[in-house]
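S.K.: attaching a predicted model along with its sequence, questions to come.
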2 protein chains.
Amino acid sequence: MKELFLLEPDVVFLNHGSFGATPKQVFEAYQQYQLQLERQPVRFFVNEASGLMDISRRKLADFLGTNHTNLALISNATTAVNTIARSLHLTNNDEVLSCSHEYGALTRMWNILSEKQGFTYREHLIDYYLESENQFIERFWADVRKETKVIFLSHITSPSAIVLPIAEICKRARAAGILTIIDGAHAPGQIPLNLDDLNCDYYTGNCHKWLLSAKGSAFMYVSDDRIQATEPLVISWGKTQNMTGTTLLSSEIEYQGTRDIAALLSIGDAVDFYRTNNWSQKLNANRHLLYKVRTLFGNLFNTPPIADQLFMPMMYAQYLPESVNPQMLKQTLLEKYNIEIPVTTIGYRNLIRVSVQAYTNETDIHTFETALNNIFHRIVKK
Amino acid sequence: MKELFLLEPDVVFLNHGSFGATPKQVFEAYQQYQLQLERQPVRFFVNEASGLMDISRRKLADFLGTNHTNLALISNATTAVNTIARSLHLTNNDEVLSCSHEYGALTRMWNILSEKQGFTYREHLIDYYLESENQFIERFWADVRKETKVIFLSHITSPSAIVLPIAEICKRARAAGILTIIDGAHAPGQIPLNLDDLNCDYYTGNCHKWLLSAKGSAFMYVSDDRIQATEPLVISWGKTQNMTGTTLLSSEIEYQGTRDIAALLSIGDAVDFYRTNNWSQKLNANRHLLYKVRTLFGNLFNTPPIADQLFMPMMYAQYLPESVNPQMLKQTLLEKYNIEIPVTTIGYRNLIRVSVQAYTNETDIHTFETALNNIFHRIVKK
């Protein structure tokens, strides 16, 4: 399976979650678009680009269970959430409610924007063991106030890798007239998605992570009634171009001056690859490896898991004991054992996060287990 | 010379100005960065990217005659001008003064932002023959009012391809306390630049046009006293990352979530290529071809030139007679003669714009001349 990818073969790559990896054939298609653009840029941009973007957008829409008119292709989920946040025009009496396991760059964004625009940004504190979906839903909902105008939640939290029960939250929010922005940065290709069923106002997702397209490819879903109000960060020709294959949303959001759109076009190729190879099945066939990691962490660290197994996607994260120097652990794993794995943070606490992809095998996890046992055995000895 | 590029050899490419073209060796370096990223994305983004960006930024700074701390690399000039415009926080009593030969997408941006934020966007009308720099400076300056807080001008105008005398405008503006934003979308690599001497507040430029780097590579220059006030469109980790090789400006503007930065890295390679090959000299050696085009247009069309030859960069544009259907002309040139050339617009009038690069040769211009003579001979006959 590993030979389908370009990842260096001698590295045990347990960090698919941060930047993803692209199969050779998708990567080749991606660079081929760049060559096509370079050979005759005018023909490419004027005659071909909008049609190719349309194909990529439609394939993705089909994969995500929504209409292509509700999607715009964009570089990454961070840019998508920024675009949405700037379109909200919140004021002094408004509040954005989120949770304490959000991605740090976007927490920073909400803090900066709330200070500038005068609205409140507040986080529901997850300091309890997540034992059931209902428990989270009720606890989260108890934090909703009359000032809450927007709910911003990750579908899969970045530092802690838990799948939040967003469907019920979106349903309640819609009934209460609260806007929902779901950051699915890690979701597409990792867990099943049906955006129309979800019925949120906004959903963002990276395609370069678990959908396996080239780096810098993502999307923004906007519900019908929010399309008109969604403003691009970069105002360019937009809808005045009237190009075939574009929609109101895509023409305003996607057209941002001359740039390389090859990564966005590779989304269509990635969807084809994912489907042709029954990737979802191959991915889930490796689920047992995650349980092994969960058991391993349970034996090594005296920290409890964050959530019940039902919240687990294809990543697993656990708090490190305070006695462990996270940077040293990460460095030792990489330099001594050639294992690439991230250390994440929630507040001042550190977590270690493992990704299991379809290309991950028993040997990888065994190597990881041996390395950790060696390292912690030594630490205990000292 | 043409064999240095990837452009289709059977097309007479007289539209370098729209999207540029990249030499094979720069294009290869560009795709090599993508492969490097794909092979070990964590090592690339965490250990290598900021150092490589630093190298690219420093080489560009040296080329542009400024300090690397005043530059941020960005996808294109349109995105750069949008970033600057959103950082201004203009209000009801403020005015942005521009001219009537600006790039349409940015005119649209100013109109939309001025309507939303309440400031005034006004254009100095160039409806006169530009005969001297002083003439333009005095006429433009006569349009400056006490409400004028910002002057926005192209260094080389997009539809009409004239070099505006911005140095004196910037000098007067600084003395008057008016901010200057110069859109040099077409300037870097086409005309000599020394940004420190120019002493404007903001300068934006594409590198993928005349500096020959990969598509989607540009920069934003910000004067020392404006760096603190310049806000990114996409708020991400920014300066909290503390990466070596970044500056305050670059960390906030360049870091926008996971994306392919290969085009930005190719700027360094393009500067090397440009210098090693004495490109500026090769470019100017072809200047006589532009004079030929100017004479040709003068003979064919009964429209006067827009400006004296002293305003001419390596592009030349002239108004088409009203009797000519611009789309049909463009299409005939492409389909029948394999000549790629753009038709631009100012208001309701159409212009034809020729770019001469170092790879343009006598045969190209001869083919173009023959084609035009054929087409217009036929039109006259009918």
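M.R.: Yep, it's here.

S.K.: distance check, the residue in the stretch 201-350 of chain A positioned nearest to chain B against B:A185.
M.R.: The minimum distance from the stretch 201-350 of chain A to chain B, using C-beta to the nearest C-beta, falls at A:G257 (3.2 Å). Where you see a C-beta, it was placed from the backbone N, CA and C, and this is true even at glycine. Using C-beta to C-beta, to the nearest Å, one obtains 9 Å as the distance from A:G257 to B:A185.

S.K.: quickly list what's touching both of these two.
M.R.: Common neighbours of A:G257 and B:A185, using C-beta atoms under 8 Å, 6 or more residues apart in numbering or on different chains, are B:76-78.

S.K.: which of those lies closest to A:S114?
M.R.: Relative to A:S114, the closest of the shared contacts of A:G257 and B:A185 is B:T78; by C-beta to C-beta it sits at 28.3 Å.

S.K.: helix/strand/coil for the closest one?
M.R.: Reducing the assignment at B:T78 to three states with DSSP: H, G, I helix; E, B strand; the rest coil gives helix.

S.K.: can you pull the contacts of it?
M.R.: Taking C-beta under 8 Å, 6+ apart, we find B:T78 in contact with A:234, A:236, A:256-258, B:103, B:105-106, B:109, B:185.

S.K.: model confidence at the closest residue to it other than its chain neighbours, what's the number?
M.R.: When the adjacent residues along the chain are set aside, B:T78 lies closest to A:G257, with 3.2 Å between them (C-beta to C-beta, 6 or more residues apart in numbering or on different chains). What the model reports for A:G257 is a pLDDT of 84.

S.K.: can you name the residues that contact A:G257?
M.R.: With C-beta under 8 Å, 6+ apart as the criterion, the residues that contact A:G257 are A:234, A:236, B:75-79, B:105.

S.K.: doesn't A:Q135 make contact with A:E168?
M.R.: No - contact criterion C-beta atoms under 8 Å: A:E168 and A:Q135 do not qualify, at 11.8 Å.

S.K.: max pairwise distance over the contacts of B:T78: which two?
M.R.: Within the contacts of B:T78, two members stand farthest from each other by C-beta to C-beta: A:T258 and B:M109, at 15.3 Å.

S.K.: how close does the nearest residue to A:C99 once chain neighbours are set aside get to A:N111?
M.R.: Taking C-beta to C-beta, 6+ apart, and ignoring the residues beside it in sequence, A:C99 has A:H124 as its nearest neighbour in space, at 4.5 Å. Look at A:H124 and A:N111: by C-beta to C-beta, they are 16 Å apart.

S.K.: neighbour-wise, which of these two wins?
M.R.: Set side by side, A:H124 and A:N111 show unequal neighbour counts under other C-beta atoms under 10 Å in any protein chain shown, the larger going to A:H124 at 18 against 12.

S.K.: ok, that one touching A:L97?
M.R.: Yes - with contact defined as C-beta under 8 Å, A:H124 reaches A:L97; the gap is 6.5 Å.

S.K.: hey, what's in contact with both of the two?
M.R.: When contacts are counted by C-beta under 8 Å, 6+ apart, the set common to A:H124 and A:L97 consists of A:D143.

S.K.: after whichever helix or strand A:T204 is part of, which helix or strand is next?
M.R.: Secondary structure assigned from DSSP states H and E places A:T204 in strand A:202-206. Going down the chain from strand A:202-206, the next helix or strand is strand A:218-222, by DSSP H and E.

S.K.: can you name every helix or strand that that following strand contacts?
M.R.: On a contact count with 3 or more C-beta pairs under 8 Å, 6 or more residues apart in numbering or on different chains; DSSP states H and E, strand A:218-222 meets helix A:49-64, strand A:71-74, helix A:77-86, strand A:202-206.

S.K.: quick one: strands adjacent to it?
M.R.: Using DSSP bridges, the neighbouring strands of strand A:218-222 in the sheet come out as strand A:71-74 (antiparallel), strand A:202-206 (antiparallel).

S.K.: got a list of contacts for the following helix or strand past that strand?
M.R.: Scanning the chain past strand A:218-222 towards its C-terminal end, the next helix or strand to appear is helix A:248-254 (assignment: DSSP H and E). Outside of helix A:248-254, the residues that reach it under the criterion C-beta under 8 Å, 6+ apart are A:53, A:57, A:69-74, A:83, A:220, A:222, A:227-228, A:230-232, A:238-239, A:241, A:243, A:246, A:261, A:264.

S.K.: helix, strand, or coil at the nearest residue to A:F301 once chain neighbours are set aside?
M.R.: Taking C-beta to C-beta, 6+ apart, and ignoring the residues beside it in sequence, A:F301 has A:P321 as its nearest neighbour in space, at 5.2 Å. State at A:P321, reduced to three classes by three-state DSSP: coil.

S.K.: identify the residues contacting A:P321.
M.R.: A:301-303.

S.K.: could you give me the PyMOL syntax to select whichever of these are buried?
M.R.: The command below creates a PyMOL selection of those among those that count as buried (16 or more other C-beta atoms under 10 Å in any protein chain shown):
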select buried, chain A and resi 301+303
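
S.K.: using pLDDT, spot the least trustworthy of the contacts of A:P321.
M.R.: Among the contacts of A:P321, A:N302 carries the weakest pLDDT, at 85.

S.K.: which of the helices or strands spans A:L153?
M.R.: Assigned by DSSP H and E, A:L153 falls within strand A:148-154.

S.K.: sheet partners, orientation included, of that strand?
M.R.: Here the strand partners of strand A:148-154, with direction, are listed using DSSP bridges: strand A:95-99 (parallel), strand A:179-183 (parallel).

S.K.: how far away from the center of its chain is it?
M.R.: Distance of strand A:148-154 from its chain centroid, counting by C-alpha atoms, centre = their mean, to the nearest Å, is 17 Å.
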